[in-house]
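Student: no FASTA, just this:
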């Protein structure tokens, strides 16, 4: 009977330890989506970019971490059609004066701290790395079962992307491209 109690206690401790350990949920890169919007004085362009890999980390059903790698060569404009400027803009976004995807084929996001705002909404501080430059960003992420969504605003000039920025060039007039671009992220896992 004494051995039975010892085994039972050991099982309870093991189960308790197992449930308290972190659980990684790998992001399904094929069904997850990242949409971007870049704005300029005379309008905006929008498109998509693909995740290469990603994981969200949970402990006791609470979000505690995450990291993602984005395939920068997948950047694609969706508001222009082939033969009507799409190829030109896609190529320019991949060129050195924007994301320089030949030299910098990926961008990374690594969660650094997470605060719970409500049942399924978290405030995240993360390190974003684009073109080998890392800056801290803040955003909210909403987690529901096997889905998470977030809206991020990124200041491209903090990553050395200064093309047609009014903060670095004068006399651009209507050719100004705003420094911030928006990302709408929809993760499936």
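Tutor: Nice, thanks for sending it over. Because the structure is a prediction, the values reported are computed rather than measured.
Student: any idea how far residue 145 lies from residue 24?
Tutor: 16 Å (C-beta to C-beta, to the nearest Å). (C-beta placed from N, C-alpha, C; glycine too.)
Student: element containing the spatially most central residue of the chain, please.
Tutor: The residue lying closest to the centre of the chain (C-alpha atoms, centre = their mean) is residue 109, at 5.7 Å. Assessed by DSSP states H and E, residue 109 sits inside strand 106-116.
Student: partners of that strand in the sheet?
Tutor: Applying DSSP bridges, strand 106-116 is found paired with strand 62-77 (antiparallel), strand 121-130 (antiparallel).
Student: now the last one: average pLDDT?
Tutor: Per-region confidence: strand 121-130 scores 98 on mean pLDDT.
Student: ok, which stretches of the chain are helices?
Tutor: For the chain, the helices defined by DSSP state H cover 2-20, 86-94.
Student: weakest of those helices by average pLDDT?
Tutor: For the helices of the chain, mean pLDDT drops lowest on helix 2-20, to a mean of 48.
Student: ok, the residue nearest to the centre of the chain touching residue 125?
Tutor: No - applying C-beta atoms under 8 Å as the test, residue 109 and residue 125 come out as separate, 11.2 Å apart.
Student: identify the bridge partners of residue 23.
Tutor: Assessed by DSSP bridges, residue 23 has beta-bridge partners residue 58.
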